[in-house]
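In: Provided below are the primary sequence and the corresponding predicted coordinates.
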Amino acid sequence: MSDRDLKFPMRHLRPVGAVLLISVAGVAWAGCGDDNGDNESEARQSIEKGFEEAKQGAQEGAEQAQEGIEKGFEEGRKGVEEGASGARKGFEEGRENVEGGVEKGKQEVEDEVNDARDDHNGDAP
């Protein structure tokens with residue numbers, strides 16, 4: 001997994017922090033002023049709205065992080081498959097080279113045996 005993949009979830013969690021800060025500021029702002037019931041109701045609504053926004057932001061961040069993890073997993077799986085395919089190909093090429101070398105060596109031995117027979121038969125009276 002690259003550094004970019006690791007930074008992906010963190011980049012999307014920053015808006016969650018911003019929403020939380022705005023919510024806290026809204027609560028503080030709602031707390032300033034008159035102490036009547038309207039301010040309390042507005043503060044409660046502001047808190048609830050901020051909480052819902054933060055919750056939604058956290059869910060979106062978690063979904064994006066999950067997508068990044070799945071993407072990284074898929075890339076890793078493809079890399080393993082490509083590596084296995086390359087290993088199989090290398091094994092097959094090596095086996096073919098060995099078989100070719102064995103056949104070539106066998107032919108050379110047969111040629112030498114035949115040459116030796118010809119030389120031996122040619123020397124006999």
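Out: Ah, there it is. Numbers count the residues shown, from 1 in each chain.

In: average pLDDT across the longest helix seen in the chain?
Out: The helix spanning the most residues in the chain, taking DSSP state H as the definition, is helix 37-123. Computed over helix 37-123, the mean pLDDT rounds to 86.

In: how near is the residue sitting nearest the centre point of the chain to residue 62?
Out: Within the chain, one residue has its C-alpha closest to the average C-alpha position: by CA atoms, centre = their mean, that is residue 72, at 2.3 Å. Between residue 72 and residue 62 the distance is 16 Å, computed by CB to CB, to the nearest Å. In this view, the C-beta of every residue, glycine as well, is placed from N, C-alpha and C.

In: so what's residue 51 up against?
Out: Residue 51 makes contact with residue 23, according to CB atoms under 8 Å, 6 or more residues apart in numbering.

In: separation between it and residue 57?
Out: Computed as CB to CB, the residue 51 to residue 57 distance reads 11 Å.

In: what's the neighbour count on residue 62?
Out: Neighbourhood size, residue 62 [other CB atoms under 10 Å]: 14.

In: One more: residue 98?
Out: Using other CB under 10 Å, residue 98 has 10 other residues around it.
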